[in-house]
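Q: Got a sequence here, can you build the structure:
(chains A and B)
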Amino acid sequence: MTLAVPAPARARPSALRSFIAAQPLGAVSLLFILAMVFASLFAIWIVPHDPLKLDFAEILAPPSWSYPFGTDNLGRCVFSRVIFGARTALVIGILASLVGSTIGGLIGVVQGYFGGRLDFYVSRFVDILLSFPIIVLALVVVAMLGKKIVLGVDMNLVVAIAIPIIPKVARVVRSAALSVREMPYVDAARASGFSHQRIVLRHMVPNVFAPFIIMFTAFVAQAILLEASLSFLGLGVTEPTPAWGLMLAGNAADFYREAPWMIIFPGLAISLSVFAFNLFGDALRDHLDPRFKG
Amino acid sequence: MGAYLAKRILTMIPTLLGVAVLIFLMLRVVPGDIVELKMRGDGGAPTIQQIEAERARLGLDRPLIAQFGSWMTGLATLDLGTSMWTEKPVTEEIAGRIGLTLQVAIMATIIAILLALPLGTLSALYKDTWVDQAIRIFTIGGLAIPSFWLGMIIILGLLYAFNWIPPMQYVPIWKDPLANLAQLIWPALAVGYRFSAVLARMVRSSIIEVMREDYIRTARAKGVHERLVIARHALRNAMLPAVTVIGLEFAFLIGGLVVTEQVFNLNGLGRLFVQAVSRSDFTMVQGIVMVIALVFIVTNLLVDLAYGWLDPRIRYGGK
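A: Presented below is the predicted three-dimensional model:
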C-alpha cells in the first residue's frame, strides 16, 4: 500500500519576488540601498582606517591598497570617510523624510477628509511653500533655528530638511484622500457614528498608505541631496563628522590638481545613493500604484 | 486681454503678502538674532548693555507688531530695509547681484531646451529601444547628480583636458562678452543638466501622448511627410506641457544656483542668500525671499501668456 503524498501546495509568489520580477531595476537599487544600510551599520569593521585619524605622513596620498580612495589634505582616509558618510546620509535622510512625510501626510489626510474652508486655507499656505525650491526653504529654516545636537544628530538640520518636504507630501496625499473620502466605507463609518478621529486614523490613513510610502522613499533621495548641499555650504553637518557634502566643501577645491580623488569619490557616493533611492521610489510607484505611472 | 492681465497682476498682491507674512513670522518664531553673532564674531565679549544698545539701534527691541508694520510699509514703497550686517540697503545689494544670477539662469534654460527637445523627441519616437534607454540613463543621472558636484567635475575635466580652469573673476557681458561667456557657460551647464533631464522626460511623455491623437493619423493618411508630421503637428502640440515645466524649472534654478555659485566663485544672488543665512541677517533673508517669490509669480504669468500664443484655442478673461 502506497501512501499518497499530497503535492505540496504551490508557494504563492511572495511580494518581494513579484517586485523583483516586475521591476529588475528597482531590485538592483534596493540591493544598493541594502548595501548602504549594511555599510553604515558595520562601518567600523569595514573601514581600513579611523575616519577621523589625521596622518600627516600620508597627506594627499593617491589611491592605493592601503587607502583605496586616497587621503585628504589632513591625511585622513577618503574611503573610510565615504563609508562613514553613508551613515550620516542615511540617518539624516531617512529621519528627515520620515518626519516630513508623516507630518505632510497627516495634513493632507485631514485636508482631504474635512475639506471646506480648512482645506482652502491650508491649500493656500501649501501653495506658497511650494513656490520655493526646497533648498531655499531649508535655508530659511536654518536661519531660523541654528544648531541643536541630540544623540550626535543635528536635530535642527533634520527639521530644516523635513519642512520643505511637508507641503509636497501634503499636496499628493490630499488628492489621494479626496478620492478615498468618496468611498462607500467612509460613508458607512460616518453613518455608524464613528468619531472623526477614528475615521481618519482607521479608515483614511491605511488607504492613503501607498502614496505615502512612495513619497517617503522618493524624498529620502531629496533629503540626502539636500543634506549634502547644506553641508557643502557649511550650514549642515559640521567637522569632524564624516559627511559627503562636507568632504567636498572648503578646501577640497584647493586640491583639484593634487588630489582629484577628494572630489570624485564623495560626489559619486551622493549621486549613486540619490540615484538608487530615486529608482527604487519609481519602481515602488509603478508596482504599488500603476495609476501614477509616468 | 488687458483686463485679464490687470486681474492677474492684482491677484499677485495677496500671494506676495502671504509670503511676506510667512517669512517674517518664520524668522521671528525662535528667539535669538544677529546681534550677538555679529559682536562675538570678532572675538569680542560684548557686555549686556552693548548688546542691548546695538539691538535698539537695529530696531530689534521694538515689539514684533511694530517691526512687522515697518516691514509692510517698506514693502508697499518697494523698500526692503537695510541689511543688518553690511548696513547697506537690501534692494541695492540685490540689484548688484541679480543680473549675474539671471544671466546664468537664462543661459541654463537655453542649454536645457536645446538638449531636452531633441533628446525627449528621440526617446519618444524610438520608445523602448536602446536609444530610449540611453536617453533615460542621461535623464536619471540629471536627477541624481548634484549640480554643485557636476560643477566641480566640469572644472576638473577642463583642468585635465586643457590645463585651464574658468576665470574666477566676474566680467559683465557688456564689457567683454567673450570673457563673460567663458566664465558663465560652465555653471550654466552644471545647473542646466538637471533642468534638461526634467524637461526631456516631460517632452518624451507628452509626445508619446500626442502621437496617439487623431490629427496625427489624419496627417499621415493624407500623405504628409513623417518629418513634417513630427515638426508641425506633434512637437507643436507637445510644447504646451513643456512650457509649464520650462517656467517652473526656470523659477527654481535659483535653488541649484544657491550652491553652484559657490563652486564657481560667482557673487550672485544665491551666494548673497547663503551669506545672509549664515549671518542671521534677517532683513536680507526676507528681501531675497520676496525677490524669489516675485520671480516665481512673474514666470507663472509669462507661462500662462505663452499658452495663449501657442494654442489659439485658449482665450483669456472669457467666462
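Q: Any figure for the gap between the residue lying closest to residue A:156 once chain neighbours are set aside and residue B:270?
A: Using Cβ to Cβ, 6 or more residues apart in numbering or on different chains and skipping the chain neighbours, the partner closest in space to residue A:156 is residue A:145 (4.1 Å). C-beta: built from backbone N, CA, C; applies to glycine. According to Cβ to Cβ, to the nearest Å, residue A:145 and residue B:270 sit 21 Å apart.
Q: neighbour count winner among those two?
A: Between residue A:145 and residue B:270, residue B:270 has the larger neighbour count (other Cβ atoms under 10 Å in any protein chain shown), namely 30 against 19.
Q: Show the contacting residues for that one.
A: Residues in contact with residue B:270 (Cβ atoms under 8 Å, 6 or more residues apart in numbering or on different chains) are B:101, B:254, B:257-262.
Q: Can you tell me which of those are also in contact with chain A?
A: B:254, B:258-259, B:262 (Cβ under 8 Å from any Cβ of the partner chain).
Q: Highest neighbour count among those?
A: Most surrounded of the ones next to chain A among the contacts of residue B:270: other Cβ under 10 Å gives residue B:258, at 30 neighbours.
Q: and the host helix or strand of residue B:205, which residues are buried?
A: Using DSSP states H and E, residue B:205 maps to helix B:177-210. Judged by neighbour count (16 or more other Cβ atoms under 10 Å in any protein chain shown), helix B:177-210 contains these buried residues: B:180, B:183-208, B:210.
Q: residue contacts, residue B:188?
A: Going by Cβ under 8 Å, 6+ apart, the list of residues near residue B:188 reads B:104, B:107-108, B:111.
Q: mind checking pLDDT for residue 18?
A: Just so you know, I chose chain A. You'll see residue A:18 listed with a pLDDT of 79.
Q: oops, chain B please
A: Residue B:18 is assigned a pLDDT of 88 by the prediction.
Q: do the helix or strand in which it is found and chain A meet?
A: Using DSSP H and E, residue B:18 sits within helix B:2-29. Yes. Against chain A, helix B:2-29 shows contacts by Cβ under 8 Å from any Cβ at B:15, B:18-19, B:22-23, B:26-27, B:29.
Q: Any stretches of the stretch 101-250 of chain A with poor pLDDT?
A: A:146-153 (pLDDT under 70).
Q: And the nearest residue to residue A:217 once chain neighbours are set aside, what's its pLDDT?
A: Nearest residue to residue A:217 in three dimensions, chain neighbours excluded: residue A:281, at 4.0 Å (Cβ to Cβ, 6+ apart). pLDDT, residue A:281: 87.
Q: Show me what the strand or helix carrying residue A:281 is packed up against.
A: For residue A:281, the host element (DSSP H and E) is helix A:261-288. Secondary-structure packing of helix A:261-288 (3 or more Cβ pairs under 8 Å, 6 or more residues apart in numbering or on different chains; DSSP states H and E): helix A:15-22, helix A:24-41, helix A:78-114, helix A:209-232, helix A:244-248, helix B:130-144, helix B:147-162.
Q: quick one, that helix and helix A:24-41 angle?
A: 130 degrees (axes from the mean of the first three to the mean of the last three Cα atoms, to 10 degrees).
Q: could you check the angle helix B:147-162 makes with helix A:261-288?
A: 130 degrees.
Q: Mind listing what's buried along helix A:261-288?
A: Buried-residue list, helix A:261-288, by 16+ other Cβ under 10 Å: A:261-271, A:273-287.
Q: So which other helices or strands are in contact with the helix holding residue B:18?
A: helix A:116-130, helix A:134-145, helix B:64-76, helix B:282-310.
Q: Please identify the deepest-packed of the ones you listed.
A: Comparing the helices and strands packed on helix B:2-29 by mean neighbour count (mean count of other Cβ atoms under 10 Å in any protein chain shown), helix A:134-145 comes out on top with a mean of 24.
Q: sorry, back to before: what about the helices and strands packed on helix B:2-29, which gets the closest to residue B:2?
A: Between residue B:2 and those, the shortest separation by Cβ to Cβ is 12.3 Å, and it involves helix B:282-310.
Q: And that closest one, what does it pack against?
A: helix A:134-145, helix B:2-29, helix B:90-125, helix B:235-263, helix B:269-278.
Q: want to throw the ones you listed into JSON lines with distance to residue A:232?
A: Output for these, formatted as JSON lines (distance: least, Cβ to Cβ, whole Å):
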{"stretch": "helix A:134-145", "distance to residue A:232": "11"}
{"stretch": "helix B:2-29", "distance to residue A:232": "23"}
{"stretch": "helix B:90-125", "distance to residue A:232": "18"}
{"stretch": "helix B:235-263", "distance to residue A:232": "6"}
{"stretch": "helix B:269-278", "distance to residue A:232": "10"}
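Q: Now the weakest link among these, please, by mean pLDDT.
A: The bottom spot among the helices and strands packed on helix B:282-310, by mean pLDDT, belongs to helix B:2-29, with a mean of 84.
Q: And that one, what's buried?
A: B:8, B:15, B:18-20, B:22-24, B:26-28.
Q: Just the pLDDT for residue A:271.
A: Residue-level pLDDT assigned to residue A:271 equals 94.
Q: ok, it - contacts?
A: Residue A:271 touches B:141, B:144-146, B:149, counting by Cβ under 8 Å, 6+ apart.
Q: Flag every residue of the stretch 101-250 of chain A that's near chain B.
A: Counting by Cβ under 8 Å from any Cβ, the residues of the stretch 101-250 of chain A that sit close to chain B are A:124-125, A:127-129, A:131-136, A:139-146, A:221, A:225, A:228-229, A:232-235, A:248.
Q: Identify the residue nearest the residue in the stretch 201-319 of chain B that chain A sits nearest to in space, chain neighbours excluded?
A: In the stretch 201-319 of chain B, the residue that lies nearest chain A is residue B:255 (2.7 Å; Cβ to the nearest Cβ). Once flanking residues are discounted, residue B:255 sits nearest to residue A:133: 2.7 Å by Cβ to Cβ, 6+ apart.
Q: In contact with that neighbour, which residues?
A: B:252, B:254-256, B:258.
Q: What backbone torsions are found at whatever residue of the stretch 51-200 of chain A ends up closest to chain B?
A: Ranking the residues of the stretch 51-200 of chain A by distance to chain B (Cβ to the nearest Cβ) places residue A:133 first, at 2.7 Å. Phi and psi for residue A:133, reported as degrees, to the nearest 10, are phi -60, psi 150.
Q: out of the helices and strands packed on helix B:282-310, which comes closest to residue A:66?
A: Comparing the helices and strands packed on helix B:282-310 under Cβ to Cβ, the one sitting nearest is helix B:235-263, at 30.5 Å.
Q: relative to helix B:147-162, how tilted is the closest one?
A: Going by the same axes, to 10 degrees, helix B:235-263 makes 80 degrees with helix B:147-162.
Q: Could you name the helices and strands sitting against helix B:235-263?
A: Against helix B:235-263 (3+ Cβ pairs under 8 Å, 6+ apart) you get helix A:134-145, helix A:209-232, helix B:90-125, helix B:147-162, helix B:177-210, helix B:269-278, helix B:282-310.
Q: from the chain's centre, how far out does the last one sit?
A: Centroid displacement of helix B:282-310 relative to its chain, using Cα atoms, centre = their mean, to the nearest Å, is 9 Å.
Q: Okay, angle between it and helix B:2-29 too, please.
A: 150 degrees.
Q: Mean confidence (pLDDT) on helix B:282-310, please.
A: 88.
Q: Taking helix B:269-278 as reference, get the angle to that helix.
A: 150 degrees.
Q: cool, the fifth one as well?
A: Angle between the axes of helix B:177-210 and helix B:269-278 is 90 degrees (criterion: the same axes, to 10 degrees).
Q: ok, then the element right after helix B:177-210?
A: Beyond helix B:177-210 toward the C-terminal end (DSSP H and E), the next one is helix B:214-221.
Q: Name the surrounding residues that touch that next one.
A: So helix B:214-221 is contacted by B:210, B:226, B:228-229, B:232-234 (Cβ under 8 Å, 6+ apart).
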